[in-house]
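1. Structure for the following, please:
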Amino acid sequence: MKAVKIDRPNHLEVIDLPTPVPGAGEVRIRVMASGICGTDIHIFRGEYLGDYPVIPGHEFSGVVDAVGEGVTRFQVGDRVAVEPNIPCDNCWHCLNNRHNFCLNWQAVGVTRPGGMAQFTTAPEKAVFSIGDLPFEFGAFMEPLSCVLHGVERLDLGMAGHVAIIGAGPIGLLLQRTIRLQGAVKVTMVERNPFRARHAANFGADTVLDSLEGLKPDHYDAVIDATGVVSVMNRMVEFARHGGKVLLFGVPPAGAQMSLEAFKIFRKGLTILGSFTSLRNSYQAIDLLKTGRLDVSDLISHRLPLDDMQAGIELIERGSENIRKVMLLPN
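-> Numbers count the residues shown, from 1 in each chain. Prediction:
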């Protein structure tokens with residue numbers, strides 16, 4: 001089979017490997033759609049996570065191609081998506097229902113081979129049926145699961161006024177999920193004119209091209225979906241007194257924030273982070289299957305496996321009306 005291998009920062013290649021054999025309790029998946037995520041780019045650039053060498057790809061779906069001994073929920077031909085975060089279910093965090101902080105955490109596409117390959121394996125417990133959902137939509141199960149966890153942590157309540165910084169695929173998923181939770185007004189900030197126009201056409205009430213257009217001390221919740229530390233530093237300016245700030249975007253490891261402590265104290269703010277997801281896969285699939293959350297407009301490019309680096313560079317340039325780039329390994 002063909003697979004993408006990142007063996008060091010800023011270097012990837014497409015290589016030939018033996019097709020993996022599923023072990024006990026594992027399924028093998030013929031990958032049909034695999035989305036390039038910001039985390040994949042961080043791994044490629046050497047900024048975040050990643051055990052080199054690694055076959056990246058943690059947002060993917062496909063068809064069960066083989067099953068290992070003891071697998072009971074799946075059979076060959078089933079259409080599935082993968083929850084990449086694999087907890088041990090036996091450490092202190094797991095036993096306190098905090099599986100996303102597992103002390104023995106593994107992740108498909110991060111610490112073990114992922115979906116930027118024609119075939120990959122995953123533990124049965126990490127695999128979920130997508131039924132007749134299109135493969136490209138099924139590949140959104142993982143990012144949507146993460147968004148659902150973040151929105152659950154935010155616990156906004158009804159009729160909220162929300163500001164979201166960044167209108168990439170994650171920002172748009174946040175906007176749509178916040179709407180489902182009852183937000184009545186969503187303001188988005190996006191300097192990329194292609195993405196700003198798309199956000200305006202697909203659900204945002206107001207789209208601004210800089211932070212300077214946001215109202216100070218105004219929003220029930222302010223959400224960063226950029227991971228840019230200089231942007232994250234300013235979130236507290238825009239939250240109302242008693243409001244909330246959700247830092248959702250992934251910053252480079254080691255980057256330092258600078259916040260005014262007195263402002264956080266005086267405004268009584270709640271500042272939240274959100275790491276991966278916490279058993280949100282079934283919720284994500286149900287929202288996608290029922291159409292309550294539509295992702296059809298979020299896919300802008302479909303590329304063969306050989307073009308992963310070109311896809312990364314497209315995303316980094318922010319040109320060509322870029323949104324989600326899907327690789328189609330098969």
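2. Which helix or strand lies directly C-terminal to whichever helix in the chain runs longest?
-> Secondary structure of the chain per DSSP state H: the longest helix is helix 141-154. Heading C-terminal from helix 141-154, the first helix or strand you meet, by DSSP states H and E, is strand 161-165.
3. how far does that next one sit from the chain's center?
-> Centroid separation for strand 161-165 versus its chain: 18 Å, with CA atoms, centre = their mean, to the nearest Å.
4. in it, what's buried?
-> Buried residues in strand 161-165, counted by 16 or more other CB atoms under 10 Å: His161, Val162, Ala163, Ile164, Ile165. (Glycine included, C-beta is placed from N, CA and C.)
5. what about Asp307, how many residues close to it?
-> 18 (other CB atoms under 10 Å).
6. Assign it to helix, strand or coil.
-> Following DSSP: H, G, I helix; E, B strand; the rest coil, Asp307 is assigned to helix.
7. what's in contact with the lowest-mean-pLDDT helix or strand in the chain?
-> The weakest-scoring helix or strand in the chain, judged by mean pLDDT, DSSP states H and E, is helix 38-45 (a mean of 90). Residues outside helix 38-45 that contact it (CB atoms under 8 Å, 6 or more residues apart in numbering): 6, 9-10, 12, 48-50, 54, 56-58, 109-110, 116, 168, 170, 227, 249-250, 252, 309, 312, 315-316.
8. out of these, which are buried?
-> The buried subset of those - by 16+ other CB under 10 Å - is 6, 12, 48, 50, 54, 56-58, 109-110, 116, 168, 170, 227, 249-250, 309, 312, 315.
9. returning to that earlier point: just the ones of the contacts of helix 38-45 in helices?
-> Short answer: these in helices (DSSP H) are Ile170, Gln309, Ile312, Ile315, Glu316.
10. Which residues are in contact with the last one?
-> By CB under 8 Å, 6+ apart, Glu316 lies in contact with Ile41.
11. Which of the buried residues of strand 161-165 sits closest to Arg73?
-> Arg73 lies nearest to Ile164 out of those, by CB to CB, at 36.2 Å.
12. What count of nearby residues applies to the nearest residue to Leu288 once chain neighbours are set aside?
-> If the residues on either side of it in the chain are set aside, Leu288 comes closest to Phe137, at 5.3 Å by CB to CB, 6 or more residues apart in numbering. By other CB under 10 Å, the residues close to Phe137 number 23.
13. any idea which element Phe137 lies in?
-> Going by DSSP H and E, Phe137 is part of helix 135-138.
14. same deal with Gly203?
-> Using DSSP H and E, Gly203 is not contained in any helix or strand.
15. Assign a three-state SS to the spatially closest residue to it that is not a sequence neighbour, would you?
-> Once flanking residues are discounted, Gly203 sits nearest to Gln175: 5.8 Å by CB to CB, 6+ apart. Three-state call for Gln175 (three-state DSSP): helix.
16. which residues does Gln175 contact?
-> Neighbours of Gln175 in contact, by CB under 8 Å, 6+ apart: Ile164, Ala167, Val186, Met188, Ala199, Gly203, Ala204.
17. ok, of the residues you listed, which one's closest to Gly243?
-> Ile164 (13.8 Å).
18. who does that closest one bridge with?
-> According to DSSP bridges, the partner residues bridging Ile164 are Met188, Ile223.
19. was I right about it contacting Arg176?
-> No - using CB atoms under 8 Å, Ile164 makes no contact with Arg176, being 10.5 Å away.
20. got the contacts of Gln175 as CSV, with distance to Pro304 and pLDDT columns?
-> Formatted as CSV, those follow (distance: CB to CB, whole Å; pLDDT from 0 to 100):
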residue, distance to Pro304, pLDDT
Ile164, 32, 98
Ala167, 27, 96
Val186, 36, 98
Met188, 32, 98
Ala199, 29, 95
Gly203, 31, 89
Ala204, 33, 96
